[in-house]
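**Student:** got a predicted structure plus its sequence, pasted below:
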Amino acid sequence: MDTHTAEVKKILKWAWIVLIALAAFLAVETLGAFKDLRSVSPTYNSISVSGVGEAVSIPDIAAFSFTVSADAKVASDAQEQVTKKMDVILAGLKALGIEEKDIKTTDYSLWPKYTFAPAICSQTFCPPSRQVPDGYTASHSISVKVRSTEDAGKALAFAGENGATGISNLSFTVDDPDKILAEARAEAIADAREKAKLLSKELGVRLARVVSFSDDAGGGPIPYYAEGLGGDMIKTVAPTPTIPTGENKVTVNVTVVYEMR
């Protein structure tokens, strides 16, 4: 074998080695690309279903807020009047079994009051009226959580009878809203799963893994709000208002995407 023939065979041998290596590399890259496509965008072999779930609960917590305010010529007198009234109300609420942790100050304010002094007019000119100090107004606002809902009416009545100038935002909810939300979500997922099984049977495919999930759960049960109640209304309607608690309902919608095979 001459030298020229040997060189040609050597070159062909290395060319085959390079081609085989290149083919192996391209095969690996192609497989990886398919895997990435499968994981990033499974819509080419997937099925999307939606489900709805509901959970109903009886409220076990009542909440409301109230304000005590007073006017006086001296700031300290206005504050003292508010403090005396508030101390009586808070003592009564605690006597009903409402704990300290469930009574929270939401605002305390003290501001000056003004009146407009009449102006003395002449025949040719009438000056504008001017503001003059007329004492102070003190205000103390409280939010209350009543864990025994049957005592909500008693708490409202007691606050109104002892100087509360505004009672509002009465609502009923549950102590553990996440539990109710989880129940509704579980029912929605089960609903979606049943729909997926039915569709896969009709389409003649088999469900594989879940590739996507979403829901619209934005929080706990929607509180039931009673009508706004002012202090005067509490006194004139009944010593102890009857406050129906109703029920809370949570609805969750889910969307589940299954891979098909």
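**Tutor:** Perfect, I can see it now.

**Student:** where does this protein dip in pLDDT?
**Tutor:** For the chain, the stretches with pLDDT under 70 are 1-16, 18, 21-44, 119, 218-246.

**Student:** what are the boundaries of the helices in it?
**Tutor:** Ranges of helices within the chain are 3-40, 75-95, 152-161, 177-203, 231-237, based on DSSP state H.

**Student:** from residue 190, how far out is residue 212?
**Tutor:** Taking Cβ to Cβ, to the nearest Å as the measure, residue 212 falls 18 Å from residue 190. Where you see a C-beta, it was placed from the backbone N, CA and C, and this is true even at glycine.

**Student:** kindly report the same for residue 217.
**Tutor:** Distance from residue 217 to residue 190, by Cβ to Cβ: 15 Å.

**Student:** likewise for residue 181?
**Tutor:** In this view, residue 181 and residue 190 are 15 Å apart by Cβ to Cβ.

**Student:** who's more crowded, these two?
**Tutor:** Taking other Cβ atoms under 10 Å, residue 181 and residue 190 do not tie; residue 181 has more neighbours (20 against 13).

**Student:** look up how far residue 215 lies from that one.
**Tutor:** Counting by Cβ to Cβ, the gap from residue 181 to residue 215 is 10 Å.

**Student:** which neighbours do the two share?
**Tutor:** Shared contacts of residue 181 and residue 215, defined by Cβ atoms under 8 Å, 6 or more residues apart in numbering, comprise residue 252.

**Student:** nearest residue to residue 163 in space, please, no chain neighbours.
**Tutor:** Among residues not flanking residue 163 along the chain, residue 85 sits closest, at 3.7 Å (Cβ to Cβ, 6 or more residues apart in numbering).

**Student:** ok, now how distant is the one you found from residue 140?
**Tutor:** The value you get for residue 85 to residue 140, if Cβ to Cβ is used, is 9 Å.
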